[in-house]
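**Student:** need a 3D model of the sequence below.
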Amino acid sequence: MSDAVHNRALDATLQAAPKRAPAISLSGLWASFQTSSFLLLLTGAILTTLLIVLSTLPAIVEHQAGARILPDVQAFNHAVLVVHVLTAVPPLLIGFFAFSTAARKASPKWHRWAGTAYCVCIWVSAVTGFALATANSAGLVAKAGFGALAIAWFWTTYVAYRTARRKDFLAHRRWMIRSFALTLAVVAIRPMFIVAPQFGYPMEVWYPVLTWLCWVPNLLIGELYLRSTLYSGRLTVLKRRPTRA
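**Tutor:** Next up is the predicted model:
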């Protein structure tokens, strides 16, 4: 048999052989995990927004919920609560689209406007949230929990804004992730109100704990993500190493 005939027979055999499925790569698993997490958090944000619009806001408007920032000044107390809630909702949805690389590249101007709206809403919500924290009737631990959240939320967002203005986008990414991790506190605390009583303790016991539990783990997870990824979101362990000569 000639070499040409032999090579054609070998090619036909290789083409007919069943192809092995490619092994699942770590980068593929990480990309799937990121997408799944994004969709899960987005779903939680949308459901939380609907809950606030359909339940929380009507209760506030009907004066079924309130605060006592200034005694005997109900109009002021009510206004602070309304402003806090209304300005807390937009960043919850804006944040997801601000993190979209495709949207940012398609319209940098829209990204800047959305980022500015995100920051302004958070600053207003954080200031009014701090005022509400001082009026919290659940005790010192609850006051400190929500008060610390308001301060951290304001500060991380301010630094994120300043780094963007300086065009330090590496630092901007880090501080925006920290800011958004705190923004997600409103999503985290809703299920906690349902799950916590199932452990057999009254809400009076759980509530002060939840004022910390709704945001401290978020911030820790955000820090873990920052230490594990590059600017592109790629895992640091997948970073290409220079080949040795």
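**Student:** Met176 contacts Ala98, correct?
**Tutor:** Yes - between Met176 and Ala98 a contact is recorded at 7.5 Å, counting by CB atoms under 8 Å. From N, CA and C alone the C-beta is placed, and that goes for glycine too.
**Student:** give me the more crowded residue out of those two.
**Tutor:** Met176 (26 against 19; other CB atoms under 10 Å).
**Student:** ok, residues contacting the host helix or strand of Leu182?
**Tutor:** Assigned by DSSP states H and E, Leu182 belongs to helix 169-183. Helix 169-183 has contacts (CB atoms under 8 Å, 6 or more residues apart in numbering) with 91-92, 95, 98-99, 122, 149, 152-153, 156-157, 159-160, 163-164, 215, 218-219, 221-223, 225-226, 231.
**Student:** separate out the buried members of those residues.
**Tutor:** The neighbour-count criterion (16 or more other CB atoms under 10 Å) marks 91-92, 95, 98-99, 122, 149, 152-153, 156-157, 159-160, 163-164, 215, 218-219, 222 among the contacts of helix 169-183 as buried.
**Student:** so how far is Val53 from the nearest residue to Ile94 once chain neighbours are set aside?
**Tutor:** Counting by CB to CB, 6 or more residues apart in numbering, Ile94 lies nearest to Tyr118, which is 4.6 Å off, once chain neighbours are set aside. Between Tyr118 and Val53 the distance is 19 Å, computed by CB to CB, to the nearest Å.
**Student:** could you export stretch 93-110 as PDB, CA atoms only?
**Tutor:** C-alpha atoms of stretch 93-110 as PDB (Å, rounded to 0.1, in the frame of the first residue of the first chain):
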ATOM      1  CA  LEU A  93     -31.400  48.300  39.700                       C
ATOM      2  CA  ILE A  94     -29.000  50.900  38.200                       C
ATOM      3  CA  GLY A  95     -26.100  49.000  39.800                       C
ATOM      4  CA  PHE A  96     -26.600  45.800  37.800                       C
ATOM      5  CA  PHE A  97     -26.600  47.600  34.400                       C
ATOM      6  CA  ALA A  98     -23.700  49.900  35.400                       C
ATOM      7  CA  PHE A  99     -21.600  46.700  35.900                       C
ATOM      8  CA  SER A 100     -22.400  45.500  32.300                       C
ATOM      9  CA  THR A 101     -19.300  45.700  30.200                       C
ATOM     10  CA  ALA A 102     -21.300  45.700  27.000                       C
ATOM     11  CA  ALA A 103     -23.500  48.600  28.100                       C
ATOM     12  CA  ARG A 104     -20.500  50.600  29.300                       C
ATOM     13  CA  LYS A 105     -18.700  50.100  26.000                       C
ATOM     14  CA  ALA A 106     -21.800  50.800  23.900                       C
ATOM     15  CA  SER A 107     -22.500  54.100  25.600                       C
ATOM     16  CA  PRO A 108     -19.900  55.500  28.000                       C
ATOM     17  CA  LYS A 109     -22.000  58.700  28.400                       C
ATOM     18  CA  TRP A 110     -25.000  56.700  29.600                       C
END
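**Student:** what comes up buried for stretch 25-33?
**Tutor:** Buried-residue list, stretch 25-33, by 16+ other CB under 10 Å: Trp30.
**Student:** what's the answer for stretch 76-87, then?
**Tutor:** Neighbour count says stretch 76-87 has Asn77, His78, Val80, Leu81, Val83, His84, Val85, Leu86, Thr87 buried, by 16+ other CB under 10 Å.
**Student:** alright, calling it a day.
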